[in-house]
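Asks: starting from these lines, generate the structure:
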Amino acid sequence: MSTAPTETTRRIGSRGRDYGYSNARIRGMRSRLLKQAFFDDLMTAPDIGAVIHKIMDTEYGPDLEDRILHGRTATQVDEALKDNMVRTFAKVMSVSNDEARRLLTTLLGRWDLFNIKTIIRGKHMSFPDEVIIDSLITVGQLTQVDAEELAKQESVKSVVDTLATWGLPFAVPLREVLPDYNENADLSVLELALDRYYYEWAVRRLKGRRANNRLARTFLSIQVDTLNLLTCLRLLSSDLPPEDVLRFFLPGGDRVTEELFASLSAMSDVDEVFQRLKRTPFGSILEQVAITYIEKGSISVFERALEDYLFRKAFATSKGDPLGIGISISYLWAKANEVTNMRIVVKGIAVGMPVERMREELIVV
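Replies: Numbers count the residues shown, from 1 in each chain. Okay, the predicted model is just below:
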């Protein structure tokens, strides 16, 4: 069984701090990422059979061959895409040196966080086990077998108990707040405890003056800033007391301080937020989608804009030291973006979504 975030990292592959070999391999892998023209063509496929035919000639072919033995369906194509992502991430880790593995394991812990939150959310809402399992992507340290075992537990409490039995650290914050959850059935109590645990753990792991540590830490801080900003937008006009608002604040960011978080959360509308953020990197991002927000009236518009911003920052990490961790971070996030876009198209074709609607859903950075 794998481990969730801990203070040790499994040693495999090359050691030391030489990035020459791993970065050369990763550049080769990056050269095989799909171009926009492929997606433009894929979106015109008339049915899943045509989608399978087009994907079979790509890097996803071997994974797809294994899956379609169980049926030539959108579900099996989706599973093949996730299989490829898991296999690709494992390959990057296998060619990485000790320092890179420590940094990448820390950043990829967000996927363990995502999976555990997805399982707990599913149990809270009484979703079928299969629905929960279909939503998991096990590219962190939690294996597919472990994640499925958690998804098959009967309740939120049994998920937490299983994590504790396995000795996984995520159980610690969950057990602390489980009594509050049992009393109020407030899912946010559990999710906030998980978020705070992971990001505090990650900040500790990324301390250090080396350039690679600083780069990974900066990227992590951007993730925290975007999460805090999105939370602020969701708290607008909530009328929560300041002390209750601040319990949603996650430490570890750079731009969105605790003071700014409290100030933004107390505002009455999005226009006030725009004015307050105008001179920050987030001002222009949110302003660009303001009209769309007015049309749709959904915070998901801002969530998407901040997600795009995060991906752009991830891709930009490769523009620094050619023999540093940035190449790996950039490629892994580019790969995740590609798989996400592929899954959007596959689902779109399966349900008959218009091409223009699919194109709007894609994350093109």
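Asks: helices of the stretch 151-300 of the chain, residue ranges please.
Replies: With DSSP state H, counting those that start in this stretch, the ranges of helices along the stretch 151-300 of the chain come out as 156-165, 171-184, 187-205, 211-235, 242-245, 258-265, 270-277, 281-288, 290-296, 300-316.
Asks: out of the ones you listed, nearest to residue 46?
Replies: Each of the helices of the stretch 151-300 of the chain was scored for nearness to residue 46 using Cβ to Cβ, and the closest is helix 300-316 (28.0 Å). Where C-beta positions appear, they are placed from N, C-alpha and C, glycine not excepted.
Asks: list of residues touching the closest one?
Replies: 219, 222-223, 226, 229-230, 233, 281-282, 285-286, 288-289, 292-293, 329-330, 333-334, 337, 363, 365 (Cβ atoms under 8 Å, 6 or more residues apart in numbering).
Asks: that older thread, in JSON lines: the helices of the stretch 151-300 of the chain, plus mean neighbour count, distance to residue 95 and mean pLDDT.
Replies: Below are the helices of the stretch 151-300 of the chain laid out as JSON lines (neighbours: other Cβ atoms under 10 Å; distance: least, Cβ to Cβ, whole Å; pLDDT from 0 to 100):
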{"stretch": "helix 156-165", "mean neighbour count": "18", "distance to residue 95": "30", "mean pLDDT": "97"}
{"stretch": "helix 171-184", "mean neighbour count": "15", "distance to residue 95": "32", "mean pLDDT": "95"}
{"stretch": "helix 187-205", "mean neighbour count": "19", "distance to residue 95": "21", "mean pLDDT": "95"}
{"stretch": "helix 211-235", "mean neighbour count": "20", "distance to residue 95": "16", "mean pLDDT": "94"}
{"stretch": "helix 242-245", "mean neighbour count": "12", "distance to residue 95": "45", "mean pLDDT": "82"}
{"stretch": "helix 258-265", "mean neighbour count": "17", "distance to residue 95": "39", "mean pLDDT": "91"}
{"stretch": "helix 270-277", "mean neighbour count": "16", "distance to residue 95": "40", "mean pLDDT": "85"}
{"stretch": "helix 281-288", "mean neighbour count": "16", "distance to residue 95": "33", "mean pLDDT": "85"}
{"stretch": "helix 290-296", "mean neighbour count": "13", "distance to residue 95": "41", "mean pLDDT": "81"}
{"stretch": "helix 300-316", "mean neighbour count": "18", "distance to residue 95": "19", "mean pLDDT": "90"}
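Asks: and residue 75, how close does it get to residue 356?
Replies: To residue 356, residue 75 is 25 Å away according to Cβ to Cβ, to the nearest Å.
Asks: please name the residues that touch residue 40.
Replies: With Cβ under 8 Å, 6+ apart, residue 40 has no contacts at all.
Asks: for it, give its distance to residue 336.
Replies: Per Cβ to Cβ, residue 40 is found 21 Å from residue 336.
Asks: again, but for residue 324
Replies: Distance, residue 324 to residue 336, by Cβ to Cβ: 20 Å.
Asks: next: residue 223.
Replies: Counting by Cβ to Cβ, the gap from residue 223 to residue 336 is 13 Å.
Asks: do the same with residue 309
Replies: 15 Å.
Asks: for residue 179, same thing?
Replies: Distance, residue 179 to residue 336, by Cβ to Cβ: 36 Å.
Asks: with residue 199 instead?
Replies: Distance from residue 199 to residue 336, by Cβ to Cβ: 19 Å.
Asks: so how far is stretch 92-104 off the chain centroid?
Replies: Distance of stretch 92-104 from its chain centroid, counting by Cα atoms, centre = their mean, to the nearest Å, is 19 Å.
Asks: in that stretch, what counts as buried?
Replies: 92, 93, 95, 96, 97, 99, 100, 101, 102, 103, 104 (16 or more other Cβ atoms under 10 Å).
Asks: excluding covalently adjacent residues, which one is nearest to the fourth one?
Replies: For residue 96, ignoring the flanking residues on the chain, the nearest one in space by Cβ to Cβ, 6 or more residues apart in numbering is residue 22 at 5.0 Å.
Asks: from memory that neighbour sits against residue 328, does it?
Replies: Yes. With contact defined as Cβ atoms under 8 Å, residue 22 reaches residue 328; the gap is 7.0 Å.
Asks: of the two, which one has the most company?
Replies: The neighbour comparison of residue 22 against residue 328 (other Cβ atoms under 10 Å) goes to residue 328, with 27 against 23.
Asks: in contact with the more buried one, which residues?
Replies: Contacts of residue 328 by Cβ under 8 Å, 6+ apart are 22, 23, 26, 92, 96, 100, 104.
Asks: cutoff 7 Å now
Replies: The contact partners of residue 328, taken as Cβ atoms under 7 Å, 6 or more residues apart in numbering, are 26, 92, 96, 100, 104.
Asks: so of the residues you listed, which ones are in strands?
Replies: Assigned to strands by DSSP state E, none of the contacts of residue 328 qualify.
Asks: farthest pair in the residues you listed?
Replies: With Cβ to Cβ as the measure, no two of these lie farther apart than 26 and 104, at 11.0 Å.
Asks: list the buried ones in stretch 22-30?
Replies: Neighbour-count burial for stretch 22-30 [16+ other Cβ under 10 Å]: 22, 23, 25, 26, 29, 30.
Asks: model confidence for the fourth one, exactly?
Replies: Spelled out, that is residue 26. pLDDT recorded at residue 26 is 96.
Asks: wait, isn't it in contact with residue 93?
Replies: No. In this structure, residue 26 is not within contact of residue 93 by Cβ atoms under 7 Å, at 11.0 Å.
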